[in-house]
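Participant: Got a sequence here, can you build the structure:
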Amino acid sequence: MKHINDVRREFLERFTRQLIFSSIKPITQQEIYERIKRKLEKEMPLRIIMDTSRIEQIAPEKIVRLAPMQFNPVPRVQKQAMPVQQISAMPNDFTIDKLDFFIKDKSITMVECPGPGKVVLIRRGQITEPTSIILSKDEIDKIITAFSRAAKIPVIGGTFRVNVGNLTISAIISEITGTRFIIMNRM
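Facilitator: Numbering: from 1, shown residues only. Predicted structure coming up:
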């Protein structure tokens, strides 16, 4: 898999090459003869140049025309780490104990839990506000399990990303640092 800087460098190289080839104008046979004649005038005595048959011997028989290069964009590298699962409909009995109020509020776009024993944050528009809610490890596990059951996708250590109705949860499950998650509301 290519590194992002390699992809950027390749894109810039292709883009620059495309700009150069696009700016080249096709050259006619007469223009080639004129250029050769001017070059020969600088390098050779004038009497040799007067012989036009000499120019035809030096000039190429076929004109090489540079066609603009076809630009094929490099496909975006898709992240393999956190695939988004299929969207499941929001079950009627779907509740998330302490966070239920925040999830049902349409003005709140994000609920973030940075880990067990830490204050839950919410985002309204562009403003992030702390709440008075602190979740324990068991409560965080119950929230992730509720999303897992609603989407019918098992919880496996590492990253966990699931859509349930208009909600998307992205969680990092870790025994060492503690599980943390972000719930996005797409209303």
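Participant: pretty sure residue 2 is in a helix, no?
Facilitator: No - with the criterion set as DSSP: H, G, I helix; E, B strand; the rest coil, the secondary structure at residue 2 is coil rather than a helix.
Participant: give me the element residue 11 is part of.
Facilitator: Remark: residue 11 resides in helix 4-23, with elements defined by DSSP states H and E.
Participant: tell me the mean pLDDT for that helix?
Facilitator: Helix 4-23 carries an average pLDDT of 83.
Participant: and if you look at stretch 130-148?
Facilitator: 90.
Participant: Could you give me the buried positions within the helix holding residue 11?
Facilitator: Taking 16 or more other C-beta atoms under 10 Å as the neighbour-count basis, helix 4-23 is seen to contain no buried residue. Every C-beta, even on glycine, is put in place using the N, C-alpha and C of the backbone.
Participant: Just the C-alphas of that helix, formatted as PDB.
Facilitator: Once non-C-alpha atoms are left out, helix 4-23 reads as follows in PDB (Å, rounded to 0.1, in the frame of the first residue of the first chain):
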ATOM      1  CA  ILE A   4       0.100   9.200   1.300                       C
ATOM      2  CA  ASN A   5       3.100  11.300   0.500                       C
ATOM      3  CA  ASP A   6       3.900   8.900  -2.400                       C
ATOM      4  CA  VAL A   7       0.400   9.300  -3.700                       C
ATOM      5  CA  ARG A   8       0.600  13.000  -3.500                       C
ATOM      6  CA  ARG A   9       4.000  13.100  -5.200                       C
ATOM      7  CA  GLU A  10       2.700  10.900  -8.000                       C
ATOM      8  CA  PHE A  11      -0.400  13.100  -8.400                       C
ATOM      9  CA  LEU A  12       1.700  16.300  -8.700                       C
ATOM     10  CA  GLU A  13       4.100  14.700 -11.200                       C
ATOM     11  CA  ARG A  14       1.200  13.500 -13.400                       C
ATOM     12  CA  PHE A  15      -0.500  16.900 -13.000                       C
ATOM     13  CA  THR A  16       2.600  18.800 -14.000                       C
ATOM     14  CA  ARG A  17       3.300  16.500 -16.900                       C
ATOM     15  CA  GLN A  18      -0.300  17.000 -18.100                       C
ATOM     16  CA  LEU A  19       0.100  20.800 -17.900                       C
ATOM     17  CA  ILE A  20       3.300  20.700 -19.900                       C
ATOM     18  CA  PHE A  21       1.800  18.500 -22.600                       C
ATOM     19  CA  SER A  22      -1.400  20.600 -22.800                       C
ATOM     20  CA  SER A  23       0.600  23.800 -23.300                       C
END
